[in-house]
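*Asks:* What would the 3D arrangement of this be:
(chains A and B)
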Amino acid sequence: MTPQPTTTSEPRGLARRSPRNRPPVNANGHRSGNPSGRIGDRVFSGAARACAGFAVVLILLVAAFLIVRAVPVIRADQANFLFSRAFEVTTAPLRFGVLDLAWVTASSSLIALVLAVPVATGVALFITQYAPAAVRKPVGYVIDLLAAIPSIIYGIWGIYVLAPRLEAVQQALYHLGFIPLFRDEGVATGSIFDAAVVLAVMILPIVTAIARDVFDRTPREHVEAAWAIGATRWEAIRYAVLPYGRAGLVSGAMLGLGRALGETIAVMLILSKPALGSPFTWSMFAGGQTFASIIGLNMQEANGPTQTGAYIAAGLVLFGLSFLVNAAARLIVSGHREYA
Amino acid sequence: MTVLLHPAQPAAPPAALPLKSLRVAPGRRMKNHLATTVIVGSFGLALVPLVWLLWTVAGNGLAALTRAGWFTRSQRNLTYTDAGGGAFHAIVGTAEQVGLCALISIPVALMLGIYLVEYGRGWFARLTTFMVDILTGLPSIVAALFIYAVFIQTLGGQRAGWLVSLALVMLMIPVVVRTTEEMLRIVPGQLREAAYALGVPKWKTIVRVVVPTALNGIVTGVVLGIARVAGETAPLLVLVGYAPDTNADLFAGPQAALPTMINNEALNFTTQGTYVLGAGGQRELVHNFAVDRMWGAALTLIVIVMGLNLLARLIGRRREAA
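*Replies:* Just a heads-up that it's a prediction; the model follows:
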């Protein structure tokens, strides 16, 4: 709708106003016609501010409620909350710690990042530097479709279709078993590696989107200057586009990391659960539980404030982690934006 | 958003750069070819999981989806050895939960976007932007735990569908805010000034001029937000039980949804078939219907979510054409 030259909506307000008793400039910086307009302005801007306040308060409330529910249970914990590997919350002496969860969460997310970032960089370069302008949009849309697929569908595809195929890759990597990361732990499907591959696919769109954004903003002059001195297409990318986009790539990777850390259902369906008390392993071919997956798996059956409190404590750590990662990513992005 | 700062780069300038005539050293030329191969290859690699996944879900799910009664019947009194039944109960649950979520999210997110563009100045606006960013990255399981801690532990409520809606609100708001903000920012300032010059109050300018101008883009954001939350599973696991029969009551009792239906059928997943006790007391190998139902529910969910995405694109395109 475009503004109409007639003011049929407010005939009375205009009629009452004469140049001499024009109302003073109001808080919004412009002259407001009639008293109802001023009241309307106050109500409307108040509502808008209230919604903004709601977003701010919401995050604080999340932190507050998780802390209030978690702290008493962490105090009752008979094991060290940060450094214990146990997670026994159903039996009498409450013993739980987040060490194993932290390891599996971090390793699966970091492996996912290692797999996703190079591919995402390639896809972003393809879209911004190689693809003809006509197909750029549809190609970007196709990558965004990956983000539209619900995570539970990644989960069932990952465990029932992808993981059996990845077994061969896993077998091949066992030859590097002298490195602890590749040791054979007898988990054919449902290893941290399987989960990481699926996570890599899931975070690919967000990392690609941020990388596309920064590559697109590379000053045209930098690239043209590179071409002018005879650089090949790759050299122009290597010396003009990539250095310019580095900060953006880092923040895109961190946003992807944030997503991977908090992914619940896909990881929960894929990871095989190790037997109670099994020894710690550095291998990515072992099963395990992440913060999110152990909560998703057990909260349905959890009863009583002690059990749920233990899972809320795990959730609190996850909240803290993802807060830090996301905040860092945003700081890098906004710093870069000002510099760009 | 920021893409607007610089015009899009022309398609392929190196076409004007005849590599051979410039006698590029073979090593550099090789490197260039290798880079091209790797970059184009990485795009091909990214397509593999997309095509593979869609193919798997469509191939395995189509049989269940096209069977009579899939959209009209629930899983009431059916086990994984019984044929028949449908996903009606799950579709009802998903529609109700997402519907309530949208009802709450849209006005709040719209007003939040309006605040950020039309009113937001200074530290509070920066803080709000930062908090919306944090909300964007909030893991869905944490949102679910928060709602659990407030409404079940503190206020003594029971697990029910509406709590899922509340958790989904926390996930939908940032999506809608981001697009609303982006769309309101590209509304030309002259439109606002023209309205002010006619003596229209600011709030009326926003409601009658600014928002209608950006409406298509905002609707796109809303549809994308709905698509995002419709596939969420984690809040369902924590906040509502799964029920195989249709429960249209959002406020009491266990209620199915498409993601939890997939999860529930996955519990009985086997490609081998299942043994049951036959009429004569002997073991009989029968087909396991959980597999069909799982892929059927997955295809239903994908069709809904992808359909919403497509709808969002179409609405978005209309804006560009206008």
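*Asks:* Where does residue A:172 fall, secondary structure wise?
*Replies:* helix A:163-173 (DSSP states H and E).
*Asks:* Please read the previous query as pertaining to residue A:84.
*Replies:* Per DSSP H and E, there is no helix or strand for residue A:84.
*Asks:* Could you export the helix holding residue A:172 as PDB, CA atoms only?
*Replies:* Provided in PDB are the C-alpha atoms of helix A:163-173 (Å, rounded to 0.1, in the frame of the first residue of the first chain):
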ATOM      1  CA  ALA A 163      26.000 -45.500   8.800                       C
ATOM      2  CA  PRO A 164      26.000 -49.000   7.200                       C
ATOM      3  CA  ARG A 165      27.700 -47.500   4.100                       C
ATOM      4  CA  LEU A 166      30.200 -45.600   6.300                       C
ATOM      5  CA  GLU A 167      31.300 -48.900   7.800                       C
ATOM      6  CA  ALA A 168      33.700 -49.500   4.900                       C
ATOM      7  CA  VAL A 169      35.300 -46.000   5.500                       C
ATOM      8  CA  GLN A 170      35.600 -46.900   9.200                       C
ATOM      9  CA  GLN A 171      37.200 -50.200   8.400                       C
ATOM     10  CA  ALA A 172      39.700 -48.500   6.200                       C
ATOM     11  CA  LEU A 173      40.600 -46.000   8.800                       C
END
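*Asks:* Now the element after it, going C-ward?
*Replies:* Toward the C-terminal end, the helix or strand that comes next after helix A:163-173 (DSSP H and E) is helix A:192-216.
*Asks:* Quick one: list the elements packing against that following helix.
*Replies:* The elements that helix A:192-216 packs onto, with contact taken as 3 or more C-beta pairs under 8 Å, 6 or more residues apart in numbering or on different chains; DSSP states H and E, are helix A:99-125, helix A:133-148, helix A:151-157, helix A:163-173, helix A:242-262, helix A:265-270, helix B:26-66. C-beta here means a position set from N, CA and C on the backbone, and glycine is covered the same way.
*Asks:* Tell me which of the ones you listed is the most buried.
*Replies:* When you average the neighbours per residue for each of the helices and strands packed on helix A:192-216 (mean count of other C-beta atoms under 10 Å in any protein chain shown), helix A:265-270 leads with a mean of 29.
*Asks:* could you say what helices and strands it packs with?
*Replies:* Taking 3+ C-beta pairs under 8 Å, 6+ apart as contact, the helices and strands that helix A:265-270 lies on are helix A:151-157, helix A:192-216, helix A:291-298, helix B:258-267.
*Asks:* what's the offset of the last one from the middle of its chain?
*Replies:* Just to be clear, that refers to helix B:258-267. Using C-alpha atoms, centre = their mean, to the nearest Å, the distance from the centre of helix B:258-267 to the centre of the chain it belongs to is 18 Å.
*Asks:* Compare the helices and strands packed on helix A:192-216 and report which one is nearest to residue B:145.
*Replies:* When these are ranked by proximity to residue B:145, the top entry is helix A:242-262, at 11.3 Å, counting by C-beta to C-beta.
*Asks:* and that closest one, anywhere near chain B?
*Replies:* Yes. Contact of helix A:242-262 with chain B is found when judged by C-beta under 8 Å from any C-beta of the partner chain, involving A:255, A:258-259, A:261-262.
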